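1. coordinates only, no sequence provided:
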């Protein structure tokens, strides 16, 4: 900025030194003369190309899965993800409904359901995502859905199958109850939370890094 002002004054016929301009605008001269020496981070093409090809084919894969499938160091893959801005999603700001009762007890069926998403190796079909929904009181598996993508639609399909299994049809449940999950992007996405509300369910999320709360019934 200081150099731009100097050039503008010079074009108008006024010659003013950098030192004087820094005094006028209360800017340290070091800031004006400083030139960053650190070069921009570089990415080796032998890593970038296969990583980009894989996540374009399977956009749900995280850096750990990509590193394992390609045989790369996970720290290297994570660094490339960060530099390139791949799969960097900003979590919504705000308080999510967490678990309130301690101990958390489901005393009857349809008081609380639990859902989760896991990744399975499917051999020839490679990695697949399995969404499950269970009743926390009876420990009964009500719905599941296996898909090659770990998107919100996979979790939504498992929930709808659970509703059909328990109530025989899709629609708002007779009495609202809780649906517990972790804080994953699938379960906090707009499409999934909208689907849950449309059936009259209320979401609650486990404490981060505490998976024992997910399916605990007593």
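-> Cool, got the structure. Please read these numbers as outputs of a predicted model, since none were measured by experiment.

2. which parts of the chain are helices?
-> Assigned helices in the chain, in chain order: 2-11, 18-25, 29-33, 45-57, 63-70, 74-84, 152-167, 185-188, 190-198 (criterion: DSSP state H).

3. low-confidence stretches in this protein?
-> Along the chain, segments meeting pLDDT under 70 span 36, 87-104, 208-218.

4. save the helices of the chain as JSON lines, and put in mean neighbour count too.
-> Heads up, the C-betas are built off the backbone N, CA and C, glycines and all. Converted to JSON lines, those look like this (neighbours: other CB atoms under 10 Å):
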{"stretch": "helix 2-11", "mean neighbour count": "12"}
{"stretch": "helix 18-25", "mean neighbour count": "13"}
{"stretch": "helix 29-33", "mean neighbour count": "12"}
{"stretch": "helix 45-57", "mean neighbour count": "14"}
{"stretch": "helix 63-70", "mean neighbour count": "17"}
{"stretch": "helix 74-84", "mean neighbour count": "16"}
{"stretch": "helix 152-167", "mean neighbour count": "20"}
{"stretch": "helix 185-188", "mean neighbour count": "19"}
{"stretch": "helix 190-198", "mean neighbour count": "15"}
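
5. gap between the residue nearest the centre of the chain and residue 55?
-> The structure's the chain has its C-alpha centroid closest to residue 185; by CA atoms, centre = their mean the separation is 4.1 Å. The gap separating residue 185 from residue 55 is 15 Å, by CB to CB, to the nearest Å.

6. break this protein down into its domains, please.
-> Following automatic domain parsing, one gets these domains for the chain: 2-33, 45-84, 112-213.

7. including distance to residue 39, could those domains go into TSV?
-> Compiled in TSV, the domains of the chain are given as follows (distance: least, CB to CB, whole Å):
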stretch	distance to residue 39
domain 2-33	19
domain 45-84	13
domain 112-213	33
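
8. mind checking how far residue 150 is from residue 165?
-> Going from residue 150 to residue 165 by CB to CB gives 22 Å.

9. circling back: for residue 106, find the nearest of the domains of the chain.
-> Nearest to residue 106 among the domains of the chain is domain 112-213; the distance by CB to CB comes to 4.0 Å.

10. thought residue 157 was touching residue 145?
-> Yes - using CB atoms under 8 Å, residue 157 is in contact with residue 145, at 4.0 Å.

11. joint contacts of the two?
-> Common contacts of residue 157 and residue 145 (CB atoms under 8 Å, 6 or more residues apart in numbering): residue 131.

12. tell me which residues of stretch 133-152 come out buried.
-> Across stretch 133-152, burial judged by 16 or more other CB atoms under 10 Å covers 133-137, 142-145, 147, 150-152.

13. of those residues, which pair is most distant in space?
-> Greatest spatial distance among those (CB to CB): 137 and 151, at 29.0 Å.

14. now the helices of the chain in JSON lines, with distance to residue 126?
-> Shown next, in JSON lines, are the helices of the chain (distance: least, CB to CB, whole Å):
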{"stretch": "helix 2-11", "distance to residue 126": "55"}
{"stretch": "helix 18-25", "distance to residue 126": "60"}
{"stretch": "helix 29-33", "distance to residue 126": "53"}
{"stretch": "helix 45-57", "distance to residue 126": "10"}
{"stretch": "helix 63-70", "distance to residue 126": "8"}
{"stretch": "helix 74-84", "distance to residue 126": "17"}
{"stretch": "helix 152-167", "distance to residue 126": "16"}
{"stretch": "helix 185-188", "distance to residue 126": "19"}
{"stretch": "helix 190-198", "distance to residue 126": "24"}
